[in-house]
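Peer 1: Can you look at this prediction? I've put the sequence above it.
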Amino acid sequence: MINLIGSESDSQRTLYPYVTGTSVVGIKYKDGILLAADMGGSYGSTLRYKTVERLKKVGKHSIIGASGEISDFQEIMRNLDELILYDNMWDDGNSLGPKEVHNYLTRMMYNRRNKFNPLWNSLVLGGVKNGQKYLGTVSMIGVHYEDNHVATGFGNHLARPLLRNEWHADMTFEEGVKLLEKCMRVLLYRDRSAVNKLQIAKITEEGVTITQPYALKTFWNFSAFLNPTAGAEGSW
Amino acid sequence: MSELAGTIPGKGGFSFDLCKRNDMLASKGLKPPSFLKTGTTIVGLIFQDGVILGADTRATEGPIVADKNCEKIHYMAPNIYCCGAGTAADTEAVTDMVSSQLKLHRYHTGRESRVVTALTLLKSHLFSYQGHVSAALVLGGVDVTGPHLHTIYPHGSTDTLPFATMGSGSLAAMAIFESKYCEGLTRDEGVKLVAEAICSGIFNDLGSGSNVDICVITKGKQEYLRNYLLPNPRTYVSEKGYTFSKKTEVLFTKITPLRELVEVIEVGDAMEE
């Protein structure tokens, strides 16, 4: 690698993201993992695409959620699909579990980062294998860890405090969905690149289900919003 | 009467005289002193009888905690209080200044101060300094026209809101408010929610920490609850204690008063300097 960084004109590195997805939130619950993400793909400050599926199945045991550059996510999915295909071709009764896929993603992200050409994504990887639940995250520079609840992007600032207060072990499916919806609603109110169209992905020992897109109810009728300057004429 | 050719600046506003010199020093590698910031969580909400303000108590100087228990809820008038985030000196100075102006105004008019008065004084001061006075404020109070809550940004813009958060921990606190706020809260519910929001900032934001201060303002009454919650107590106490055991044995004592060795002139000329 003689040309380490080189001049900007001849490099093909990712310098900034173009079409981006916003936060992904994930939690462990009694039977497995729940991930939530909205379906928005922003092009800078425009909400360009509104049916971007940011939650995908990976093999039999895992689901991945991605935020950041959508084209890089598609590249990651190509690599993961190839990985799973080759694993199936061994036909030896073993299959890659979420821990292995997470490790593969970490290596992929970190190696790209070392070449100064990152895949501009923050990923959430969750799954269940042999009764063991696993939930991990990888950032674009290769920072990876696993936890009972993870979030990317704005979710770190807005959703993690709520999850830290309200997550507990062995939540039921309904409790888990309610908690995720609570986080997604706060993100919808306070993240400018969020859209009100989200999917929730569930993975258990039985398999993967990704819901159809739906919208959250929002409340805008505070009396202070209707007449903000009552008693403070002239201010805003 | 001669005048300096066009170099007398107009009164008021920020003086940019030293900027060129600061830039020159910075380019030579001199790091400017870091500000004492209150990297903070401050919140306010309106409940059925008035306003509740809350703040954490940590003041930071870069990565160091400079003050573990500072006061971020400032007095403006008997019925108006203001929480401040940003540079500590700026919030302190600007709230003190406007508090004095409000007092003079009360003497002048003979009436209780209104929140919009404080709001206008603060925002016009901050705007004239074009954001260089780094004070982000949550102003709340109850006056004859009712309870009011406003946020004021360093550049001088304001918002009138039913609930508000500012500072580095504002997102953590706002997550709590957005999920749990509703109208017509009672005093206890409101205080509980404010404490929860500040705790969310304290535990999830590195710039905020230590204790929770709360101020409840209602018509004709205010309660300043300093250190309402202390969720970060110092729990480790050494069992050994902090005194030192006497290890050295005294064999004998001899005291020599210096008077025998030194000539002390009681009266007469003092020594020449």
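Peer 2: Yes, it's here. Numbering: from 1, shown residues only, chains lettered A, B, ... in the order given.

Peer 1: Name the surrounding residues that touch the one helix or strand in chain A whose mean pLDDT sits lowest.
Peer 2: Between all helices and strands in chain A, the lowest mean by mean pLDDT, DSSP states H and E belongs to helix A:223-226, at a mean of 80. For helix A:223-226, contacts defined as CB atoms under 8 Å, 6 or more residues apart in numbering or on different chains pick out B:46, B:160-162, B:183. No exception for glycine: its C-beta is placed from N, CA and C like everyone else's.

Peer 1: Between the two ends of stretch B:42-56, how far is it?
Peer 2: End-to-end distance of stretch B:42-56 (CA to CA, to the nearest Å): 7 Å.

Peer 1: now swap in stretch B:42-60 and tell me
Peer 2: Note: stretch B:42-60 ends 15 Å apart using CA to CA.

Peer 1: Quick check: buried residues in that stretch?
Peer 2: Buried residues in stretch B:42-60, defined by neighbour count with 16 or more other CB atoms under 10 Å in any protein chain shown: B:42-47, B:49-60.

Peer 1: Now narrow those residues to whatever sits close to chain A.
Peer 2: Among the buried residues of stretch B:42-60, the residues lying close to chain A (CB under 8 Å from any CB of the partner chain) are B:Ile46.

Peer 1: Tell me which of the buried residues of stretch B:42-60 fall in strands.
Peer 2: Per DSSP state E, strands hold the following members of the buried residues of stretch B:42-60: B:42-46, B:50-55, B:59-60.

Peer 1: Hmm, A:Gly21 is touching A:Phe73, no?
Peer 2: Yes. If you go by CB atoms under 8 Å, A:Gly21 and A:Phe73 touch, sitting 7.3 Å apart.

Peer 1: hey, what's in contact with both of these two?
Peer 2: Common neighbours of A:Gly21 and A:Phe73 (criterion: CB under 8 Å, 6+ apart): A:54, A:66.

Peer 1: Against B:Val191, how distant is the residue nearest the centre of chain B?
Peer 2: The centroid of chain B falls nearest to B:Lys72 when counting by CA atoms, centre = their mean (3.7 Å). For B:Lys72, the distance to B:Val191 equals 17 Å [CB to CB, to the nearest Å].

Peer 1: One more: A:Ala201?
Peer 2: Distance, A:Ala201 to B:Val191, by CB to CB: 39 Å.

Peer 1: higher neighbour count, these two?
Peer 2: Of the pair A:Ala201 and B:Val191, A:Ala201 is the one with more neighbours under other CB atoms under 10 Å in any protein chain shown, namely 25 against 21.

Peer 1: can I assume that one sits in a helix?
Peer 2: No. Under the criterion used here (DSSP: H, G, I helix; E, B strand; the rest coil), A:Ala201 is strand, not part of a helix.

Peer 1: wait, it sits on A:Gly32?
Peer 2: No. Applying CB under 8 Å, one finds A:Ala201 not in contact with A:Gly32, separated by 10.2 Å.

Peer 1: and chain A, which residues reach chain B?
Peer 2: Checking chain A against chain B by CB under 8 Å from any CB, the hits are A:154, A:157-162, A:164-165, A:182-183, A:185-186, A:189-190, A:222-225, A:228-236.

Peer 1: Give me the spatial nearest neighbour of B:Ala66, chain neighbours excluded.
Peer 2: Residue nearest to B:Ala66 in three dimensions, not counting chain neighbours: B:Ala59, with 5.0 Å by CB to CB, 6 or more residues apart in numbering or on different chains.

Peer 1: B:Tyr224: helix or strand, and which one exactly?
Peer 2: strand B:221-229 (DSSP states H and E).

Peer 1: And B:Asn211, how close does it get to chain A?
Peer 2: 18 Å (CB to the nearest CB, to the nearest Å).

Peer 1: what sits against that residue?
Peer 2: Listed by CB under 8 Å, 6+ apart, the contact set of B:Asn211 reads B:56-57, B:69, B:227-232.

Peer 1: and with 6 Å instead?
Peer 2: Going by CB atoms under 6 Å, 6 or more residues apart in numbering or on different chains, B:Asn211 touches B:57, B:227, B:230.

Peer 1: Kindly report the same for A:Ile63.
Peer 2: Contact analysis of A:Ile63 by CB under 6 Å, 6+ apart lists A:35, A:57, A:126, A:201, A:203, A:208.

Peer 1: 10 Å instead, please
Peer 2: Listed by CB atoms under 10 Å, 6 or more residues apart in numbering or on different chains, the contact set of A:Ile63 reads A:26, A:32-35, A:55-57, A:98, A:101, A:124-128, A:201-203, A:208-210.

Peer 1: Now go through the residues you listed and say which are in strands.
Peer 2: Short answer: these in strands (DSSP E) are A:26, A:32-35, A:55-57, A:124-128, A:201-203, A:208-210.
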